[in-house]
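Enquirer: here's a sequence, model it:
(one chain, ligands or ions: 1)
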Amino acid sequence: MEIVKNREEKVINREVDGFGKDYLGLLLKAYRDEGQSKKISVEQLVDECKTLYVAGQETVNTLLSWMILLLSINQDWQEKARKEVFSVFGRDKTPDADGITRLKLVSILLYSGFMRDVDKDIRLGKFDLPASVQFHIPIMAIHHDPDIWGEDVNLFKPERFSEGIAKATNNNPTAFMPFGMGPHICAGFNFATNEAKITIAMILQRFTFSLSPGYVHSPFPFLAVRPEKGVQVIINAL
Ligand code: HEM
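Expert: You can find the predicted model right below:
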């Protein structure tokens with residue numbers, strides 16, 4: 001609320017002439033909506049901020065941690081990825097929007113699980129789901145189903161995606177849904193993939209890394225499946 005108040009005060013004191021064009025600025029505009037038509041309450045404003053923070057923070061951290069782990073134990077892929085980054089950005093150029101569309105790294109690994117509430121009675125395929133039932137779509141189980149991905153599903157094989165998701169999923173493209181699906185598909189999908197690509201590209205430009213002998217593998221399901229004890233790596237400057 002302090003950040004909200006600070007921003008409001010700047011407008012009241014005429015230090016700036018609007019709430020700002022970023023997400024918080026748009027929320028504040030809706031909160032202060034004179035016409036009342038799109039007005040939101042202060043609780044809604046705070047909830048929106050919390051949602052964006054929780055949805056956007058842990059998920060990308062987790063994705064990056066698993067990518068670092070996988071690239072640490074698959075040095076050949078780390079080298080390939082670095083070559084790709086060098087060929088697009090060289091050693092020094094900061095990744096830009098144009099270049100990151102040419103990087104093919106992020107499809108490597110996206111584990112996720114999510115919960116969903118039913119707010120009215122619905123029929124889903126052959127199931128009748130009463131209102132207020134909570135059901136879970138086990139994205140991780142779907143992402144590890146050998147009928148979809150093949151018997152080598154548990155192997156790290158990024159090249160399975162090289163000819164697109166339909167080919168990788170034995171023509172079940174909707175089986176790959178790290179960001180969910182349908183009207184509530186992740187609102188941060190593009191932001192998250194761009195953020196992850198830029199971060200990995202900048203790390204690969206500067207460092208090599210390998211897994212520390214102290215690493216203990218303990219995937220822990222909490223919103224996303226995250227490394228409970230972190231991912232310890234040995235880093236060397238290039
Ligand atoms: C690797 C990163 C991420 C993953 C794997 C991920 C995954 C997901 C999943 C599975 C859902 C549920 C979709 C559904 O209900 O069908 C979701 C929803 C959502 N995500 Fe993400 N997410 C990520 C990053 C982000 C970021 C960076 C933001 C914001 C900056 C974000 C904002 C949201 C929001 C607001 C929703 C709710 C959408 C709605 O209910 O309409 N996510 N995300």
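Enquirer: tell me the buried residues in the longest helix along the chain?
Expert: As assigned by DSSP state H, the longest helix anywhere in the chain is helix 42-73. By neighbour count with 16 or more other C-beta atoms under 10 Å, helix 42-73 contains the buried residues 45, 48-49, 55-56, 59-60, 62-72. In short, each C-beta sits where N, CA and C put it, glycine included.
Enquirer: got the contact list for whichever helix or strand comes after that helix?
Expert: Using DSSP states H and E, the next helix or strand after helix 42-73 towards the C-terminus is helix 75-89. Applying C-beta atoms under 8 Å, 6 or more residues apart in numbering, the external contacts of helix 75-89 come out as 70-72, 95, 99, 102-105, 108, 156, 158, 200-201, 204-205, 208-210.
Enquirer: which SSE is immediately downstream of helix 75-89?
Expert: Beyond helix 75-89 on the C-terminal side, the first helix or strand identified by DSSP H and E is helix 97-100.
Enquirer: which residues does that following helix contact?
Expert: Identification of contacts with helix 97-100 by C-beta under 8 Å, 6+ apart yields Val88, Phe89, Lys93, Asn194, Lys197, Ile198, Ala201.
Enquirer: of those residues, buried ones?
Expert: In those, burial by neighbour count holds for Val88, Phe89, Asn194, Lys197, Ile198, Ala201, counting by 16+ other C-beta under 10 Å.
Enquirer: what about the third one, which helix or strand?
Expert: In other words, Asn194. helix 189-206.
Enquirer: and that helix with the ligand, contact?
Expert: Yes - applying C-beta under 6 Å from any ligand atom, one finds helix 189-206 in contact with the ligand at Phe191, Ala192.
Enquirer: quick check: buried residues in the next helix or strand after that helix?
Expert: The element immediately downstream of helix 189-206 (helix or strand, assigned by DSSP H and E) is strand 207-211. Judged by neighbour count (16+ other C-beta under 10 Å), strand 207-211 contains these buried residues: Thr208, Phe209, Leu211.
Enquirer: among those residues, which one sits closest to the ligand?
Expert: The ligand lies nearest to Phe209 out of the buried residues of strand 207-211, by C-beta to the nearest ligand atom, at 19.9 Å.
Enquirer: doesn't Ile235 make contact with that closest one?
Expert: Yes - under the criterion of C-beta atoms under 8 Å, Phe209 is in contact with Ile235, at a separation of 4.9 Å.
Enquirer: returning to that earlier point: near the ligand, list only the ones from the buried residues of helix 42-73.
Expert: Subset of the buried residues of helix 42-73 in contact with the ligand: Ala55, Gly56, Thr59, Val60, Leu63, counting by C-beta under 6 Å from any ligand atom.
Enquirer: where does the chain have low pLDDT?
Expert: 34, 36, 105-119 (pLDDT under 70).
Enquirer: contact residues of it facing the ligand?
Expert: Residues of the chain that fall close to the ligand, judged by C-beta under 6 Å from any ligand atom: 51-52, 55-56, 59-60, 63, 110, 112, 114, 116, 178-182, 184-188, 191-192.
Enquirer: from the buried residues of strand 207-211, which single one is nearest Asn172?
Expert: The shortest distance between Asn172 and any of the buried residues of strand 207-211, using C-beta to C-beta, involves Leu211 and amounts to 32.5 Å.
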